[in-house]
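Visitor: from the sequence below, what's the structure:
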Amino acid sequence: MGAAVVVTGAASGLGRAIASDLLGRGRRVILVDRDAQAAHTASSQLGNTHTVSVPVLAADLSTVAGIESVAKRLTSRSDVGALVNNAGGWLPGDQYPDSAPGTWPSALTLNLLAPMLLTQLLWPALAAATGAVVNIGSSGGAGDDPYRSPEYGAAKAAIRRFTASLGSRTGVRVMAVVPGWIGLDRARQRWATLSTEQQRDIGALIPPEDIAGAVAALLEHGRSGQIIDMPQRAGRHLPPTDGKCASRSRGAAAKSATIPALARRTGPCTTGSSPRSVVQHGLAMMLRKLLNRLTVLAPPPNLR
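Guide: I've put the predicted structure just below:
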């Protein structure tokens, strides 16, 4: 079964989907979550499904003490070979700058410091196993439009740069998956309140199983510094009621003025991609890269 994969925030949601997918592929998994009871429940259910033992470590990754504690317990093991930094999210209540000065930094700790510090503290063990790290980003860290949780958006933007910055390291492959709206309960509830037009503008929710598959693919053969963007596709079909995809094609990123915080992703859960649309998307991406390169090469007017 090989070395174990540590999955943070694994008691529910995307983290549990990632853990289940890896277990289904024959990988050993260690669950890390702040909710010990939920984590043990998930461990029992996943263990019964996959007929394996699934260890649990309880830790609050929104505190440095919690991060260091779980890292110490993980480094005491001899089987850790990969890390999926999935734990994250908005903190409840007011967001920056309306939250108390002593409150919002916890969001930075959870969403940015925890992945960085865990990666660093586990690096020797991961390097010994020629291991890998996959960070889970978010569309909240992309773009230059207003965002309702600046601390979360800033952390997720930094996660992308953190991942890319380690692209030259070969001892441990550090990679990332950056999804848009994920088809979990909270997003589905929010999505259901939108009009049909708004839903089409934003695009279909991304099944967590698709993201889990991307994580597994990176762990198996991804290259260091690789980032898989999984944005939604605006103007395509509405999400199927059974949560399954009719196809796995990827499309162009879309920008929604309605809910910019959660838009701008191209999801694999989309249908109707004709050869013509694929060619058009490819040409558009080539043009965008060329324009970006010209922008880099040409200094702004005030510097000439």
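Visitor: and residue 26, how many neighbours does it have?
Guide: 10 (other Cβ atoms under 10 Å). Backbone N, C-alpha and C define where each C-beta goes, glycine included.
Visitor: which stretches of the chain have low pLDDT?
Guide: Confidence mapping of the chain against pLDDT under 70 gives the ranges 1-2, 233-304.
Visitor: point to the residue nearest the middle of it.
Guide: Nearest residue to the geometric centre of the chain (Cα atoms, centre = their mean): residue 136, 2.3 Å.
Visitor: for it, which residues are in contact?
Guide: By Cβ atoms under 8 Å, 6 or more residues apart in numbering, the contact set of residue 136 is 14, 84, 85, 86, 88, 159, 176, 177, 178, 179, 211, 215.
Visitor: in strands only, show me those.
Guide: Among the contacts of residue 136, DSSP state E puts 84, 85, 176, 177, 178, 179 in strands.
Visitor: which of those residues tops the neighbour count?
Guide: residue 84 (30 neighbours).
Visitor: so what's that one up against?
Guide: 5, 6, 7, 8, 15, 18, 133, 134, 136, 215, 219.
Visitor: just to be sure, the last one is in a helix?
Guide: Yes - the assignment for residue 219 by DSSP: H, G, I helix; E, B strand; the rest coil puts it in a helix.
Visitor: residue 129 is in contact with that one, correct?
Guide: No - Residue 219 lies out of contact with residue 129 (Cβ atoms under 8 Å); the separation is 11.8 Å.
Visitor: shared neighbours of those two, which are they?
Guide: residue 82.
Visitor: quick one, which of these two is more surrounded?
Guide: Between residue 219 and residue 129, counted using other Cβ under 10 Å, the more crowded position is residue 219 (23 against 18).
Visitor: can you give me the strands for the protein?
Guide: Under DSSP E, the chain gives strands at 4-8, 28-33, 56-58, 80-85, 132-136, 173-179, 227-230.
Visitor: got those as TSV, with distance to residue 110 columns?
Guide: Output for the strands of the chain, formatted as TSV (distance: least, Cβ to Cβ, whole Å):
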stretch	distance to residue 110
strand 4-8	10
strand 28-33	12
strand 56-58	15
strand 80-85	10
strand 132-136	12
strand 173-179	16
strand 227-230	21
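Visitor: tell me the most buried of those?
Guide: Of all these, strand 4-8 carries the top mean neighbour count, a mean of 28, counting by mean count of other Cβ atoms under 10 Å.
Visitor: which outside residues touch that strand?
Guide: Residues external to strand 4-8 that are found in contact with it (Cβ under 8 Å, 6+ apart): 15, 18-19, 22, 27-33, 55, 61, 74, 77, 79-87, 114, 118, 122, 219.
Visitor: any figure for the gap between residue 64 and residue 71?
Guide: Going from residue 64 to residue 71 by Cβ to Cβ, to the nearest Å gives 10 Å.
Visitor: anything in contact with each of the two?
Guide: Common neighbours of residue 64 and residue 71 (Cβ under 8 Å, 6+ apart) are residue 117.
Visitor: neighbour-wise, which of those two wins?
Guide: For residue 64 versus residue 71, neighbours defined as other Cβ under 10 Å are more numerous around residue 71 (21 against 12).
Visitor: the more buried one reaches residue 117, doesn't it?
Guide: Yes - with contact defined as Cβ under 8 Å, residue 71 counts as touching residue 117 (7.3 Å).
Visitor: got a list of what residue 171 touches?
Guide: Contacts for residue 171 (Cβ under 8 Å, 6+ apart) come out as 123, 126, 127, 130.
Visitor: likewise residue 59?
Guide: Counted by Cβ under 8 Å, 6+ apart, residue 59 has contacts 32, 33, 34, 66, 67, 69, 70.
Visitor: again with residue 129
Guide: So residue 129 contacts 3, 80, 81, 82 (Cβ under 8 Å, 6+ apart).
Visitor: what's the closest non-adjacent residue to the last one?
Guide: In this case it means residue 82. residue 5 (4.3 Å; Cβ to Cβ, 6 or more residues apart in numbering).
Visitor: which of the contacts of residue 171 are buried?
Guide: Among these, those that count as buried by neighbour count (16 or more other Cβ atoms under 10 Å) are 123, 126.
Visitor: from the contacts of residue 171, which ones fall inside helices?
Guide: 123, 126, 127 (DSSP state H).
Visitor: hang on, the first one packs against residue 173?
Guide: Right, the one you point to is residue 123. No - taking contacts as Cβ under 8 Å, residue 123 lies outside contact range of residue 173: 11.8 Å.
Visitor: kindly provide the distance from residue 144 to residue 157.
Guide: Distance, residue 144 to residue 157, by Cβ to Cβ: 10 Å.
Visitor: and for residue 31?
Guide: Counting by Cβ to Cβ - residue 31 and residue 157 are separated by 28 Å.
Visitor: residue 145 now?
Guide: Distance of residue 145 to residue 157, given as Cβ to Cβ: 12 Å.
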